[in-house]
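Participant: Quick one, fold the following:
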Amino acid sequence: MRAKACVPGVAALLAALLTGCSGASGIGDESDDSKPGGSGSSNAPAEPGKYRTLPEPCGEVDEDTLDAMLPGIPEIEDVEQREKAYEGTPTVTYDTDRRVGCNWKVESTGASHHLLVDFERVVSYDGTVSDDARAAEVYATKLRDAGLSRPSGSPTVSGDEDKGEEEGTGKDKGDGKGGASPAGDKPQGGKNARADDDKGSRKGSDKDAKGSDEEPDGAADASESAAPPPGLEPRTLPDLGDEAFLDDALTTAASASRHRTVTVVFRTSNVIVTIEYDEQPGRRTDVPDSKEMQDKAQELADMLAGEFNE
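Facilitator: Numbers count the residues shown, from 1 in each chain. Predicted structure coming up:
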């Protein structure tokens, strides 16, 4: 039969055929090595972040900016004390390669002001996650804590962040919280703040009826300016770093002066910058101006972001 005719009768030819069979087996071994996780894998470690060091925070804010944000500094007559106020106080951190910050707190004739600048360099210890992606996750958590979410269609480093962000934001909305603070502690500017202010005003009116704690005319109208005006509510900010947001919170306790905290957070690559600007008026009926404080905080944020881009 033809099948038997194909069997070689010469030992050399048989050896050649056997050699060909073992060669086919070698091709299969090379294919196994190219599978994910093998020696031929194309998986590469995630890229490190752009920034390996952090700036010295107390030296990043110039004196003109401090004069504008902390009007009590120019009022200090003693030269040595004034210079010390300009220097600020470094925040205590355990690793200055990863996080640094600086505080300034000054009292003026009409109010006390506090400014915090914080730099955090995020490092991913997961070889499959880049420093930038990890920083985006940290930023997303801060954004959710402020009761905000990324604008629709905005680019993110990791696609999984949007899903978690939407879930977290939905939960915040369900709780009726407008900001990052716990309920009853630091209510967000908006309906909650106005409601609390109205309640405080009613308590003040009751005291007036009893002949105690009399307030000047117009105090009951202070609640109308508690919430930020339209367009100044907490929101994301375009054209600041890779992504940014602003929060505006006002305390409205009837027994204390109303103090406002404006927070600006932005991310540039693997560094997250946080600015907290706080004003507490000397009089209980005064309400810090939201627009003025937001403008100053954003100007400082723009300046710091420009330093990273140089």
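
Participant: For the stretch 51-200 of the chain, give me the ranges with low pLDDT.
Facilitator: Within the stretch 51-200 of the chain, the segments meeting pLDDT under 70 span 153-200.

Participant: Helices along that one, start to end?
Facilitator: Here the stretch 51-200 of the chain has its helices, by DSSP state H, counting those that start in this stretch, at 63-69, 79-87, 131-145, 160-175, 191-209.

Participant: Grab the nearest non-local neighbour of residue 234.
Facilitator: residue 247 (4.7 Å; CB to CB, 6 or more residues apart in numbering). For every residue, glycine as well, the C-beta is placed using N, CA and C.

Participant: sorry, that was for residue 45
Facilitator: With CB to CB, 6+ apart as the criterion, residue 45 has its nearest non-adjacent residue at 4.9 Å, and that residue is residue 127.

Participant: my read: that neighbour touches residue 48, true?
Facilitator: No. Contact between residue 127 and residue 48 fails when scored by CB atoms under 8 Å: they sit 10.7 Å apart.

Participant: Of those two, give the one with the bigger neighbour count.
Facilitator: More crowded of residue 127 and residue 48, by other CB atoms under 10 Å: residue 48, with 13 against 10.

Participant: The more buried one and residue 132, how far apart?
Facilitator: Distance, residue 48 to residue 132, using CB to CB, to the nearest Å: 9 Å.

Participant: Need the residues touching each of the two.
Facilitator: residue 270 (CB atoms under 8 Å, 6 or more residues apart in numbering).

Participant: Can you say which helix or strand has residue 264 in it?
Facilitator: strand 260-268 (DSSP states H and E).

Participant: Tell me what angle that strand forms with helix 131-145.
Facilitator: Strand 260-268 and helix 131-145 are oriented at 160 degrees to each other (axes from the mean of the first three to the mean of the last three CA atoms, to 10 degrees).

Participant: Parallel or antiparallel, which strands does strand 260-268 pair with?
Facilitator: Here strand 260-268 is paired, per DSSP bridges, with strand 243-250 (antiparallel), strand 271-281 (antiparallel).
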